[in-house]
Each structure stands twice: as structure tokens, then as C-alpha cells.
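Enquirer: Fold the following.
(4 chains)
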Number of protein chains: 2
Amino acid sequence: MATPLTLRLESFARLSQDDRAALDRISRGSVREVAPRRDLVREGDTPRFVHLILDGWGCRHKTLPDGRRQIVALFIPGDFCDLNIYLLKRMDHNIGAITTMRVAQITRDEMDSVTETHPRVTQAMWWDGLVSTAVQREWTLNVGQRTAYERIGHLLVELYFRLRAVGLTEGHSFDFPLTQSDVGEATGLTPVHVNRTMKELRKDGLLEMERRRATLPDLDRLIDASMFNAAYLHLDREGRHLDAND
Amino acid sequence: MATPLTLRLESFARLSQDDRAALDRISRGSVREVAPRRDLVREGDTPRFVHLILDGWGCRHKTLPDGRRQIVALFIPGDFCDLNIYLLKRMDHNIGAITTMRVAQITRDEMDSVTETHPRVTQAMWWDGLVSTAVQREWTLNVGQRTAYERIGHLLVELYFRLRAVGLTEGHSFDFPLTQSDVGEATGLTPVHVNRTMKELRKDGLLEMERRRATLPDLDRLIDASMFNAAYLHLDREGRHLDAND
DNA sequence: TTGGCGTTATAACATGAGTCAGCGTTTCGA
DNA sequence: TCGAAACGCTGACTCATGTTATAACGCCAA
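Expert: Purely as a prediction, here's the structure:
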């Protein structure tokens, strides 16, 4: 049975039936439901679990003393939040739900028992961690160098590829639960400017939005306009180059 | 013998004499010297080594097709560039020298042989990786939300703490080999604006620069002005709060 | 000592993005 | 079914930062 998690990990390592069963087991252990806009983990907390997103969208966010907020990562189904984070004594950021979100809370022991017996899974999880930090680097580039138009375009394309990898796209469309404020917090822009910019993307035929669903009618042009290079997602086991039509 | 590496790792795990000797051994294996402004690893390369900075400063950087460049991380002595990166098939960014830089090139086998026999070292290296990605998140916040003044202040304070952890500060001073262009690429600002802003920091008594050496005369005020919160550096084994005078 | 080049400095001007303010629309709970 | 709150949209104005240009400084190699 293909879950977002197995789909995602399989883009890196070939998993056996037994590997998949083990992943399934830890996904079913302790499942928690989080209401939209609620935080699951707060800065200063002592990390206790590895969280796996089963359903819904979430984010990692940091706040400055005067209230400015930055979303530093977005989570979709199949993402791990915090592999190995239990090595740190305190969280330096918050993890929150964007939509209603179902997460599996995996203890350190459960984690260890899976990795001890399933080397492929271990390898895939390490890879998962490396890819997450690659995404983080790309986000630094995104806010540091790209214009508003490019930034938002880039975010849309990234989400498209990530959602596609876990089977959550239909054609060039996908559910898009972020508000314009959320997009602003993820890209370092104000909501007003996000609004202006998304309007421009729409005008240029690069984006359609309808009832929380996004369509990217001309993906190639959007990739181009936002200078998107999928290499950092390491979606491909062999390191070949992906293009929009694969 | 205390090297930047052992000093750094020891801020997390207590190392034995034997652990330190093992680290020393891998530091001496294959040492490579890189000229200033030269790249050591290029985007698209297949990762072959874990690199450890022995001496000098370096950076991780990414480039857009039209030439805009972002420094996404700075490396100082004692930093590992790429723990476990060999799991990825191709580099998605470049690693370059800022000053003349000496690095140890550690093979996967050397790495494995150390970690198999030195659990404390293994743990410390995992922690090192987690801290690097925490720094990356903070940089995303930095470029995304802080003003130019805060951004540069924040960068200075971060470097101060990191350099101090490896014994490379004297009082509130440290060698600072970055040009104003470099600072711009690390903060997402133009060199002209970096110049203006550093002038203002100087005027406000928060920074002195003299012949590639920086002094932070009033660290507490700079920490305040840049909304710096050291938690993300996880410098402290027990997760206590550090202040500027520890 | 000279010349060249990378770096710092600064002035004048341009602009992308922020701010403030208001209004319509959708969503959702009571 | 109603009302309130959240969200999306837009206009007018401001401001932080970018752009372009030029000059001075400092360091190093010839």
C-alpha cells in the first residue's frame, strides 16, 4: 500500500515489503490530531518525539521579539519534522498546523528499533534529513536573492514537485491551503504585496486559484520565471535531471 | 591538545583522550590547501569527502542563472562542511574559500571507522549536523524578516559566538576577513547598502573595524538591536541559557 | 616607486516593497 | 440564519534598499 511516506522514501531507496510494513507500524502508533493554526511543538520545549505528517499541512516557524514571524519550512504528508532532534535539549522554533493535521508521534525507542532492523529505511531517513536541509538552503537563497514574483513562483513550483512525489497532485493542480498571509510569512513579504504579486502571476497565465486549489497552467514558464532548479530536491535516486513532464 | 574541532564538539559531548586522538587522526589524513576565492566543491559534483575546516574561512554558496549569488553558510575552523552528504548523488551548491583555507578531506571509510569505535564522537557529529541546520533556519529568518541593520548585527554576533566557541576571539575582537560584498551576499543586501549600514553600526558604537579585525564594543546592545537569541546555536550541553559574559 | 586592482566610501537618483486604510466576500460558529 | 471574523482585494502614499557613478584608499607585484 502506497502512503505519502513510502512514496517519498522510495524516491530514494528501494524498500522491501517488510520495510514498508515497518514504516506502516510506526505510522499507526500514537496518532495525534492538531487543529488548524495550533502549535504542536513550541520553542523551548524539550523534544520528545519524531513527528511524521500523515495528513494535512504544517510548518516550522520562528518569531522575533516584536512579533515578526517567518515560516522557515512547510510540511506536507510524508514529511518528517524532526529526525534526531531529540539530541538537542530544547527546540529553537515552533511547529504548527496550517490545516487540520494528523501526525504520528514516534518515540526514540520506536525509531531505534526500526533503524536497527531496516538498513534501507535508515538510509532513506538520513537522505530525508539531507534533503530537508537542502530545501532550507534553497529557501535562504529564495528570500535573499529572488524578487517577490520569483519567490512566490518558486514556492509554488517547489510545492508542486513535492506534492507530486507523494501522489497529491492531479495534472498541474493541487490543494493549496495557504492564505496570502502564510505565503508572505514563508517568503518574507507582506500580505499586501503577496496579493499584488499573485495577481500578476495570474495575469501572466502562470497561476490559477480557485477555492483553495492551485493550478500551474504553464509549469515550464513558471519554472523559468522563478529560476527553479529541481536539483536541490534530490527527487531522483540516480541523480539524473528531472524535468516538468517526468 | 585543544583544536577548534575538539573545542567545538566538546561543547556538546564530553570526549575522552581517545576520542580526541581519533579526531586528530582524521584531521591529519589528507589535508588540502585552497586559495582564497577558489571553490573546493562545485554544484553538480559527486560528493566524495567530508570536509573539515582546519584553518581559514569558507562558505557554502548558490548562484542563480543570472549571476545573483547567495552565501547560505559561513565556515570557520572546526566546522564540518558535509557530514553524510555522500548519500546524495550530486552537490546542489558550491563550497568555496574566503581566505586561504586548510581542509581535511575525510573519506567515507575513515568516517565510518571512527564512528563505529567512538560513540561519543558519533553523537557529537550528529549534533553538529543538527546545529548547522538550525543555523540555516536562523539565516532564513534573518534575510526574511530582519532589516539591514539587524541582519548585519545578527551576523556579527553569530560569528562572535561561534568563533569564541573555538577559541578564536580575544575579548570582543576577532579576525573578520569578509569584504562588504561578502557580507552583502550572506545577508541578501547590496554592497552599497552594507557600507551604509556598517557605517551606522560604527556610528552607534556597536562595531569597530580595523584592518580586517572586528570589535563589538557593546555586545549586549548589539544582541538587543539585532534581536539575537543564542538558543539556536545550542552551544550549551545542558540547554541552559547563555549570556554574553559566560 | 609606480601602477593596478580590489575594496571602501559617498552622492544622487530610482524603485520594489511596506504601510495604512478601507471595502467586499467568504467562512463558520452560535 | 445571522453576525463576526478571517480573508482577499485595491488605492495612495512612504521608505528602505537598489542602482549607477565616481573618487579615494591600501596593498602588492613588478
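
Enquirer: Show me the strands in chain A, by range?
Expert: A:30-34, A:39-41, A:50-55, A:58-63, A:69-75, A:94-97, A:101-106, A:173-175, A:208-210, A:213-215 (DSSP state E).

Enquirer: now for those strands, which one comes closest to B:Asp79?
Expert: strand A:69-75 (20.9 Å; C-beta to C-beta). Every C-beta, even on glycine, is put in place using the N, C-alpha and C of the backbone.

Enquirer: who's the residue most central in space within chain A bridged to?
Expert: Central residue of chain A (C-alpha atoms, centre = their mean): A:Phe75, 3.4 Å from the mean position. Note on A:Phe75: beta-bridge partners by DSSP bridges are A:Gly58.

Enquirer: Now do the closest residue to A:Arg8 other than its chain neighbours against chain B, distance only.
Expert: Take A:Arg8 and drop its neighbours on the chain: the residue closest to it by C-beta to C-beta, 6 or more residues apart in numbering or on different chains is A:Gly78, 4.1 Å away. The gap separating A:Gly78 from chain B is 18 Å, by C-beta to the nearest C-beta, to the nearest Å.

Enquirer: What of A:Val143?
Expert: 4 Å.

Enquirer: residues near A:Val185, how many?
Expert: No, residue A:185 isn't Val; it's Glu. 23 (other C-beta atoms under 10 Å in any protein chain shown).

Enquirer: so what's it up against?
Expert: A:61, A:69-71 (C-beta atoms under 8 Å, 6 or more residues apart in numbering or on different chains).

Enquirer: Which residue, neighbours along the chain excluded, lies closest to A:Ile106?
Expert: A:Val50 (4.4 Å).

Enquirer: Isn't the one you found up against A:Asp112?
Expert: No - applying C-beta atoms under 8 Å, one finds A:Val50 not in contact with A:Asp112, separated by 10.6 Å.

Enquirer: neighbour count winner among the two?
Expert: A:Val50 (22 against 10).

Enquirer: ok, so what distance separates A:Leu219 from B:Arg211?
Expert: The gap separating A:Leu219 from B:Arg211 is 52 Å, by C-beta to C-beta, to the nearest Å.

Enquirer: ok, now A:Thr187?
Expert: A:Thr187 is 39 Å from B:Arg211, by C-beta to C-beta.

Enquirer: before we move on, what about A:Leu52?
Expert: On the measure of C-beta to C-beta, A:Leu52 and B:Arg211 end up 52 Å apart.

Enquirer: who's more crowded, these two?
Expert: A count of neighbours by other C-beta under 10 Å puts A:Leu52 above the other of A:Leu52 and B:Arg211, at 26 against 6.

Enquirer: can you pull the contacts of the closest residue to the more buried one other than its chain neighbours?
Expert: Of all residues not flanking A:Leu52 in the chain, A:Ala104 sits nearest, at 4.3 Å (C-beta to C-beta, 6+ apart). Applying C-beta under 8 Å, 6+ apart, we find A:Ala104 in contact with A:26-32, A:51-52, A:54.

Enquirer: Give me the buried stretch members for stretch A:65-73, please.
Expert: Buried residues in stretch A:65-73, counted by 16 or more other C-beta atoms under 10 Å in any protein chain shown: A:68-73.

Enquirer: quick one: low-confidence ranges for chain A?
Expert: Residue ranges of chain A with pLDDT under 70: A:1, A:237-246.

Enquirer: Quick one: name the residues of chain A near DNA strand C.
Expert: A:147-149, A:188-190, A:192-193, A:197, A:211 (C-beta under 7 Å from any atom of the strand).

Enquirer: same for DNA strand D: which of the residues you listed are within range?
Expert: Okay, of the residues of chain A next to DNA strand C touching DNA strand D (C-beta under 7 Å from any atom of the strand), that's A:Val192.

Enquirer: what two of the residues of chain A next to DNA strand C have the greatest distance between them?
Expert: A:Thr147 and A:Arg211 (28.1 Å).

Enquirer: Just give me how far the longest helix seen in chain A sits from the chain centre.
Expert: Across chain A, the longest stretch assigned as helix under DSSP state H is helix A:119-145. On the basis of C-alpha atoms, centre = their mean, to the nearest Å, helix A:119-145 sits 10 Å off its chain's mean C-alpha point.

Enquirer: for stretch A:14-21, same thing?
Expert: Remark: stretch A:14-21 is offset 23 Å from the chain centroid, using C-alpha atoms, centre = their mean.

Enquirer: same check, this time on stretch A:195-202
Expert: 23 Å.

Enquirer: Same question for stretch A:38-50.
Expert: That offset, for stretch A:38-50, works out to 18 Å (C-alpha atoms, centre = their mean).

Enquirer: Show me which parts of that stretch are buried, residue by residue.
Expert: A:40-41, A:43, A:47, A:49-50.

Enquirer: Show me which pair in these is furthest apart.
Expert: A:Glu43 and A:Val50 (17.9 Å).

Enquirer: Pretty sure A:Arg8 sits against A:Trp127.
Expert: No - with contact defined as C-beta under 8 Å, A:Arg8 does not reach A:Trp127; the gap is 10.0 Å.

Enquirer: Which residue of those two possesses the greater neighbour count?
Expert: Between A:Arg8 and A:Trp127, counted using other C-beta under 10 Å, A:Arg8 has the larger neighbour count: 22 against 19.

Enquirer: Check the gap between the more buried one and DNA strand C for me.
Expert: Counting by C-beta to the nearest atom of the strand, to the nearest Å, the gap from A:Arg8 to DNA strand C is 28 Å.

Enquirer: try A:Val131
Expert: 27 Å.

Enquirer: Was I right to think that residue contacts A:His234?
Expert: Yes - with contact defined as C-beta under 8 Å, A:Val131 reaches A:His234; the gap is 5.1 Å.

Enquirer: what do these two both touch?
Expert: With C-beta under 8 Å, 6+ apart as the test, A:Val131 and A:His234 both reach B:Leu88.

Enquirer: Is A:Ile98 in contact with A:Gly56, as I believe?
Expert: Yes - assessed by C-beta under 8 Å, A:Ile98 is found in contact with A:Gly56 at 7.2 Å.

Enquirer: my read: A:Ala225 touches A:Glu150, true?
Expert: Yes - between A:Ala225 and A:Glu150 there is a contact at 6.8 Å, judged by C-beta under 8 Å.

Enquirer: which residues sit in contact with A:Gly129?
Expert: When the contact criterion is C-beta under 8 Å, 6+ apart, the partners of A:Gly129 are A:80, A:83-84, B:129.

Enquirer: State the distance from it to A:Glu210.
Expert: 36 Å.

Enquirer: Then A:Val183?
Expert: Where A:Glu210 is concerned, A:Val183 sits at a distance of 16 Å (C-beta to C-beta).

Enquirer: out of the two, which sits in the busier spot?
Expert: A:Val183 (21 against 9).

Enquirer: and the nearest residue to that one once chain neighbours are set aside, what is it in contact with?
Expert: In space, and not counting its chain neighbours, A:Val183 is closest to A:Val194: 4.9 Å by C-beta to C-beta, 6+ apart. Residues in contact with A:Val194, defined by C-beta under 8 Å, 6+ apart, are A:148, A:152, A:180-181, A:183-184, A:187.

Enquirer: Of those residues, which belong to helices?
Expert: A:148, A:152, A:180-181, A:183-184, A:187.

Enquirer: neighbours of the residue nearest to A:Asp39 when sequence neighbours are not counted, just the number please.
Expert: Using C-beta to C-beta, 6+ apart and skipping residues adjacent in sequence, the residue nearest A:Asp39 is A:Gly96, 4.4 Å away. Neighbours of A:Gly96 under the rule other C-beta under 10 Å: 20.
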